[in-house]
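S.K.: Using only what follows, build the 3D model:
(3 chains)
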Amino acid sequence: MKILPDTKSDFRNVTIYEGALIGENVKIGEGTIIYPDVEVQPDTHIGPYCILGEPTALYYKNPQKHNFKKTVIGKNSIIRSNTIIYEDVIIGNNFETGHRATIREGTKIGINCRIGTLCDLQGKLVIGNYVNLHSNVHIGQLSTIEDFVWIYPYVVLTNDPRPPMGKLKGVRVKKYAQIATHATILPGVEIGENALVGASTIVRENVRAERVVVGNPGKDICSVRDICDEVGNPVYPWKDYLKDYRGYPWQEK
Amino acid sequence: MKILPDTKSDFRNVTIYEGALIGENVKIGEGTIIYPDVEVQPDTHIGPYCILGEPTALYYKNPQKHNFKKTVIGKNSIIRSNTIIYEDVIIGNNFETGHRATIREGTKIGINCRIGTLCDLQGKLVIGNYVNLHSNVHIGQLSTIEDFVWIYPYVVLTNDPRPPMGKLKGVRVKKYAQIATHATILPGVEIGENALVGASTIVRENVRAERVVVGNPGKDICSVRDICDEVGNPVYPWKDYLKDYRGYPWQEK
Amino acid sequence: MKILPDTKSDFRNVTIYEGALIGENVKIGEGTIIYPDVEVQPDTHIGPYCILGEPTALYYKNPQKHNFKKTVIGKNSIIRSNTIIYEDVIIGNNFETGHRATIREGTKIGINCRIGTLCDLQGKLVIGNYVNLHSNVHIGQLSTIEDFVWIYPYVVLTNDPRPPMGKLKGVRVKKYAQIATHATILPGVEIGENALVGASTIVRENVRAERVVVGNPGKDICSVRDICDEVGNPVYPWKDYLKDYRGYPWQEK
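M.R.: Here you go, the predicted structure:
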C-alpha cells in the first residue's frame, strides 16, 4: 500500500492510503488513518486520531495481500476523534459519532444516525435511518435496528443463546422503540414498535408493540399509552408527543 | 487559528493553538492537541493523545468562526493519555484522570478529584472536591455531585424521565455517599449524605441520609450504621472509620 | 530516557525508548509509544496509537528517575489500536486485544488469550491460558481467572467489600466458567468450574461447579447439564459439546 503525501489534509500526520477517495470540503484531524477503498463523501468532518477502513482479522495474517472491502461515510457527517470504522461499512448522509465509537465490518447504517461516545458495534448489523445510540451501547452481531429507535448507555443486544457456542441469533428492535440504560436484550428477541424497555431490565421474551417492560426478569407492566405527563396527556408514542424540532421527517421546521 | 511551533513541548507532534496558556513545568505527551483559550496551570502532566478544549457541536458548522470558551486545568494535575476535555470546563488543582476519560462542556470540578479510565461526563455538571469516580462511570447532564463522593464502574446517573423528550432532571449525590458498581439512578433522584447504594441497584426514589438501598427495584434495607467489620465496629459513615491516610482534609499525615 | 530514531518502524511517529527490545518481524503502527524495558517478541503486530510499558503513578512524581519494570508481549500477538499495556505485565504467545483495551501493572496472562475492545484490567491479576474476555469487561485488582474461561460485555469482578476502605478481596473464576453480560461478582466470590452465571446476575456467594446462577440477587437454579439443545443433548460442559474448531488444545484440526 502506498501512503499519499500529507498535502491532502490541512492537518499534520494524517495517513491516507492510495485508493481512498476524499470528497470536496472534507476536513481531517491530526493523526487520522484512512485505509484504501474508503470513500469519505463531501462536507464531512473527521476528527483527530480516527481510523477509517480498519482491516478485519485476516489482514494480520498477510497485510500485503489483504483485499480491502469498500467503506463509505456519507455526506455532511461528523466523525469525532478516536472513532474506528472498519472496512465493509456503508453509512448514509448526516451521520454523527461521539468520541471513541467502534463500528465493525459488514454493517449498513442509514441516513441521519448518531452513534455516541464509546459505542461498540460488533458488525454484521443493519441499522435504519434516524437511529440514535447514546454513549456506550454494545450491539452484538446480526442485530437489526429499525428507523427512529433510541438506545441508551450500557444497553447490550446479545446474540449467543448458549455461550460460547457461537450459533448466533440477532436481536430486532422495531421502529420508534426506546431501550433505557443498562437493559440487556437476550438473543433472538424482538422489541416491538413503540415499545419501551425500562432501565436495568433483562428482556428474555419478545416485547409486543406499545408495551412497557421493566425488571429482572423483565415483566410487561402496561401499555406505553398509560404513561402520562403532568397534565394527563399520554407521552407515548413519542412521535406524536414530541414538540421540539429535532429534524425528523414528519416535523416542520 | 494558528498553531504554535513544537518547541513549546519536549515531545513530538503536539498541536498547541495560539491563545492557549501553558504554565511552568507542564509536560505534554506525544500528539496531544490543545485548542485556544485552554489554560494548563503549572506542574501539570498531560499524557499523549489528549485533547483539551475540544469544541462543542457548533464548531463543526463553522470552524473558522467558532468562539472558544475558556477551559482551565488546575495546578499539579495528571491527565492520562487519550483524555478529552471540552471547552468551558473549569477544574481545580490536583486533578487526576485515568485513560480515555471524556469531560464535556459546562462542567465545574473542584480540587483533588479523580475521574477514572473511560468515564463519560456528559456536561453541565457541578462536581465538588475530593470526588472519586472509578472507571467507566456515566454522568448525565445537570447532575450535581458533592464533596467526598465515590462512584464505582458502570454506574449511570440518568436525566431524562420520559426518553427521548429531553426535559432533563439531574441527579444530586450528597456528601460522602457511595454508589456501587452497575447501579442506575433515575432522573431527579437525590442520594442522601453518607448513603450507600448497592451493586446493580436501580434507584427510583430519593435515598435518605445514611440509608442502604439494594436490589431491582431498589429497597431501603437498613442504616449504614448496621454494617459492621469483623470485630463488630460500624464501618459507616466511612469518614469516621477510615484509618489509612488518603489525603482527606480531616486526616493528619 | 532516549528516544530511538524512527527507522525501527515502517510507520511514522513511532516513539521507542532506548532499552525496549523489538523482535524480528514486528510491525508497529503510527504514533505508538513503547517505553524502556518492554520486550515485544517476534511476529507480533502492534496497531497504531498503542502505549506499551505505560508507567505507574510513581512516574508522574519524578519521571527522570522512574525505574521501569519489565513488560513482555509474547510472540505472534495482535495488539489492536489504542491498547494501553502498563509496565510489569507479562503476556504469553498468541495474545490478541481488541481496540482501546487497558491492562494495568502486576498482571500475568498466559498463552492464547483474547482481551476485547474497551476491556479494563485493573492490575495485580493472574489470568490463565485460552481466556477470552469479550468487549468492555472490568476486572478489579487481585482477581484470578483460570484457563478456558469466557467473560462477556460489562461484567464486573469487584474487590472492595466495604467501599471505599480498600481492604481488597479478589474474585476467582475457575476453569471453563462462563459469565454472561452485565453480571456483577462481589468481592472474594469463587465461581466454580464449568459454572454458568446468567446475564445481569449479581453473585453474592460462591457458585459451585457446574451450577447455573441467575437473577438479582443471584439464585442457583439448576445444573448446567439441564440445559439442552434442540434435540435434547446437554450443551454444558461446553468443552464436550463444542464441535467447531477453535484452536483449543483438546481439539484436532
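
S.K.: Would you report the backbone torsion angles of A:G198?
M.R.: The phi and psi torsions at A:G198 (degrees, to the nearest 10) take the values phi -70, psi 170.

S.K.: so how far is A:A183 from the residue nearest to it when sequence neighbours are not counted?
M.R.: Of all residues not flanking A:G198 in the chain, A:V214 sits nearest, at 3.4 Å (Cβ to Cβ, 6 or more residues apart in numbering or on different chains). For every residue, glycine as well, the C-beta is placed using N, CA and C. From A:V214 across to A:A183, the span is 9 Å (Cβ to Cβ, to the nearest Å).

S.K.: which of those two has more neighbours?
M.R.: A count of neighbours by other Cβ atoms under 10 Å in any protein chain shown puts A:A183 above the other of A:V214 and A:A183, at 28 against 21.

S.K.: what's the more buried one in contact with, if anything?
M.R.: Residues in contact with A:A183 (Cβ atoms under 8 Å, 6 or more residues apart in numbering or on different chains) are A:Y152, A:V155, A:V156, A:V197, A:G198, A:A199, A:S200, A:T201, A:I202, A:V203.

S.K.: now, which of those residues sits nearest C:G23?
M.R.: Set against C:G23, the nearest of these by Cβ to Cβ is A:V156 (37.6 Å).

S.K.: tally of neighbours for the closest one?
M.R.: Neighbours of A:V156 using other Cβ under 10 Å come to 29.

S.K.: partner residues bridging it?
M.R.: Counting by DSSP bridges, A:V156 forms beta bridges with A:H138, A:T184.

S.K.: Test my guess that it contacts A:L133.
M.R.: No - counting by Cβ atoms under 8 Å, A:V156 sits too far from A:L133 to count as a contact (12.0 Å).

S.K.: Could you report the separation of A:D120 from chain B?
M.R.: To chain B, A:D120 is 12 Å away according to Cβ to the nearest Cβ, to the nearest Å.

S.K.: Any idea what that residue is bridged to?
M.R.: Residues in beta-bridge contact with A:D120 (DSSP bridges): A:T102, A:H138.

S.K.: Present the contacts of A:A183 as a markdown table; the columns should include pLDDT.
M.R.: Converted to a markdown table, the contacts of A:A183 look like this (pLDDT from 0 to 100):
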| residue | pLDDT |
| --- | --- |
| A:Y152 | 98 |
| A:V155 | 98 |
| A:V156 | 98 |
| A:V197 | 98 |
| A:G198 | 98 |
| A:A199 | 97 |
| A:S200 | 97 |
| A:T201 | 97 |
| A:I202 | 97 |
| A:V203 | 98 |
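
S.K.: Just the closest of these to B:N233, please.
M.R.: A:S200 (33.1 Å).

S.K.: Count residues in the vicinity of that closest one, would you?
M.R.: 30.

S.K.: in what helix or strand does it lie?
M.R.: For A:S200, there is no helix or strand it lies in under DSSP states H and E.

S.K.: Close to chain B: what parts of chain A are there?
M.R.: Counting by Cβ under 8 Å from any Cβ of the partner chain, the residues of chain A close to chain B are A:12-13, A:27, A:29-31, A:45, A:48-49, A:78, A:81-82, A:99-100, A:117-118, A:132, A:135-136, A:150, A:152-154, A:178, A:180-182, A:199-200, A:215-216, A:227, A:229, A:235-236, A:238, A:241-242, A:244.

S.K.: Which of these fall in helices?
M.R.: A:W238, A:Y241 (DSSP state H).

S.K.: Can you say which of the residues of chain A next to chain B are buried?
M.R.: A:12-13, A:27, A:29-31, A:45, A:48-49, A:78, A:81-82, A:99-100, A:117-118, A:132, A:135-136, A:150, A:152-154, A:178, A:180-182, A:199-200, A:215-216, A:227, A:235-236, A:238, A:242 (16 or more other Cβ atoms under 10 Å in any protein chain shown).

S.K.: Verify the contact between A:V38 and A:I73 for me.
M.R.: Yes - using Cβ under 8 Å, A:V38 is in contact with A:I73, at 7.5 Å.

S.K.: what residues are shared contacts of those two?
M.R.: A:L52.

S.K.: The two: which has the busier surroundings?
M.R.: For the pair A:V38 and A:I73, the greater number of neighbours falls to A:I73 (28 against 25), based on other Cβ under 10 Å.

S.K.: most centrally placed residue in chain A?
M.R.: Nearest to the mean C-alpha position of chain A, by Cα atoms, centre = their mean, lies A:I115 at 4.5 Å.

S.K.: near chain C too, which of the residues of chain A next to chain B?
M.R.: A:N13, A:G31, A:Y49, A:N82, A:R100, A:L118, A:N136, A:Y154, A:H182, A:S200, A:N216.

S.K.: which residues touch the first one?
M.R.: For A:N13, the contacting residues are A:D6, A:E30, A:G31, B:N13, B:G31, C:R12, C:N13, C:E30, C:G31, by Cβ under 8 Å, 6+ apart.

S.K.: OK, contacts around the fifth one?
M.R.: Read it as B:G31. Here B:G31 is in contact with A:N13, A:E30, A:G31, A:Y49, B:R12, B:N13, B:V14, B:P48, B:Y49, C:N13, C:G31, C:Y49 (Cβ under 8 Å, 6+ apart).

S.K.: out of these, which one sits closest to C:T56?
M.R.: For the contacts of B:G31, the nearest to C:T56 is B:P48 (16.0 Å; Cβ to Cβ).
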